[in-house]
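J.: sequence first, then the predicted structure, then my questions.
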Amino acid sequence: MNTRSDKEEQEILESFERGEWQPVKDLKGEIVRHQGYARATLRKDKRVNIRISSKDLDNIQAIAIEEGIPYQTLMSSIIHRYVSSYNKETGRRE
């Protein structure tokens, strides 16, 4: 089988082959913890209405089509990533 890896995948593979990866001590606990993160992230319990330019919306919709996801999901993801990185940079707790 001939597969191609992108740069990030290749870096991960090389890191693994150098023995830089360590097993998780409490694997079940880590799985439960990250499942909680995923549930909290994926819960959509608020609705908002915003006005954006037609050009921005067209671009978002085009990107969403390329990614194979609904454009609202893409917009939500963009907001989530921005907010998450902002909180990390400022050191504020969520």
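T.: Alright, I've got the coordinates. Remember, predicted model here, so these are calculated numbers, not experimental data. Residues are numbered from 1 along each chain as shown.
J.: can you give me how far the host helix or strand of residue 16 is from the chain middle?
T.: Here residue 16 sits within helix 7-17, counting by DSSP states H and E. Relative to its chain's centre, helix 7-17 lies at 19 Å (CA atoms, centre = their mean, to the nearest Å).
J.: after that helix comes which helix or strand?
T.: Downstream of helix 7-17, the first helix or strand assigned by DSSP H and E is helix 27-42.
J.: what's residue 44 in contact with, if anything?
T.: Contact partners of residue 44, counting by CB atoms under 8 Å, 6 or more residues apart in numbering, are residue 76. Where C-beta positions appear, they are placed from N, C-alpha and C, glycine not excepted.
J.: please report phi then psi for it.
T.: phi -110, psi 100 (degrees, to the nearest 10).
J.: point out where this protein drops to low pLDDT.
T.: 1-5, 41-42, 87-94 (pLDDT under 70).
J.: for it, longest helix please?
T.: Assignment by DSSP state H gives helix 71-90 as the longest helix of the chain.
J.: remind me what that one packs against, helices and strands.
T.: On a contact count with 3 or more CB pairs under 8 Å, 6 or more residues apart in numbering; DSSP states H and E, helix 71-90 meets helix 54-67.
J.: what comes up buried for the helix it packs on?
T.: Neighbour-count burial for helix 54-67, counted by 16 or more other CB atoms under 10 Å, picks out 60, 64.
J.: just the C-alphas of the helix holding residue 16, formatted as PDB.
T.: Presented in PDB, the C-alpha positions along helix 7-17 are these (Å, rounded to 0.1, in the frame of the first residue of the first chain):
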ATOM      1  CA  LYS A   7       4.300  17.100   7.000                       C
ATOM      2  CA  GLU A   8       2.600  16.900  10.400                       C
ATOM      3  CA  GLU A   9       2.000  13.200  10.000                       C
ATOM      4  CA  GLN A  10       5.600  12.600   9.100                       C
ATOM      5  CA  GLU A  11       6.800  14.600  12.100                       C
ATOM      6  CA  ILE A  12       4.600  12.500  14.400                       C
ATOM      7  CA  LEU A  13       5.800   9.300  12.900                       C
ATOM      8  CA  GLU A  14       9.500  10.300  13.200                       C
ATOM      9  CA  SER A  15       8.900  11.400  16.800                       C
ATOM     10  CA  PHE A  16       7.300   8.000  17.600                       C
ATOM     11  CA  GLU A  17      10.200   6.100  15.900                       C
END
